[in-house]
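Colleague: Fold the following, please.
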Amino acid sequence: MATTTKVLARTAAATSSTTLYTVPAATTTVVSNIAVTNTASSAGTFSLLLNDVSLHTTTAIAANTTVYIDLKQVLTATQTIKGSASATTVNFHISGVEVS
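Modeller: Take a look at the predicted model:
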């Protein structure tokens, strides 16, 4: 088995739910850390779903701050991470390990 530590997503949020990462075929992914940043001078919100199950739903994020989410969640082939935010000034940084 090959184990690869990698950036799963590093992107600005869309204002509607968008797929941030899809687990490749014949692969298992362990999501290990998510950082959500708000670069705006006003508060915002964000939502995250792991395989269409809510992890955060319209969670508040203060202006010019970062929320760190440490977790060990396993996703199997073709499962997804989706996200959205109230503004494109919110960014997602998602790290994990792919095992294939």
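Colleague: How about Thr88: what's its closest non-neighbour residue?
Modeller: Once flanking residues are discounted, Thr88 sits nearest to Ala12: 5.0 Å by CB to CB, 6 or more residues apart in numbering. All C-beta atoms are positioned from the backbone trio N, CA, C, and that covers glycine.
Colleague: Quick one: residues contacting the one you found.
Modeller: Thr88, Thr89, Val90, Asn91, Phe92 (CB atoms under 8 Å, 6 or more residues apart in numbering).
Colleague: That one pairs with what?
Modeller: Beta-bridge partners for Ala12, by DSSP bridges, are Asn91.
Colleague: Sketch out the low-pLDDT regions of this structure for me.
Modeller: Low-confidence segments of the chain (pLDDT under 70): none present.
Colleague: Try it again at 90.
Modeller: The chain contains residues with pLDDT under 90 at 1.
Colleague: Now do the helices in it.
Modeller: In the chain, no helices are defined using DSSP state H.
Colleague: Now do the strands in it.
Modeller: Remark: strands assigned in the chain by DSSP state E are 3-12, 18-22, 28-38, 44-50, 53-61, 65-75, 80-85, 90-99.
Colleague: Lys82: neighbouring residues, count only.
Modeller: The number of residues packed near Lys82 is 19, by other CB atoms under 10 Å.
Colleague: scratch that, Ala62 is what I was asking about
Modeller: For Ala62, the count of nearby residues is 12 (other CB under 10 Å).
Colleague: quick one: contacts for it?
Modeller: So Ala62 contacts Asn38, Ala43 (CB under 8 Å, 6+ apart).
Colleague: What distance do you get for it to His56?
Modeller: Separation of Ala62 from His56 (CB to CB, to the nearest Å) stands at 15 Å.
Colleague: returning to that earlier point: give the buried subset of the contacts of Ala12 as a PyMOL selection command.
Modeller: Buried subset of the contacts of Ala12, written as a PyMOL selection, criterion 16 or more other CB atoms under 10 Å:
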select buried, resi 89+90+91+92
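Colleague: Considering the contacts of Ala12, which is situated nearest to Gln73?
Modeller: Phe92 (14.8 Å; CB to CB).
Colleague: Please give me every residue in contact with Gln73.
Modeller: Val30, Val31, Leu50.
Colleague: whoops, Asp52 was the one
Modeller: Neighbouring residues of Asp52 by CB under 8 Å, 6+ apart: Thr80, Lys82.
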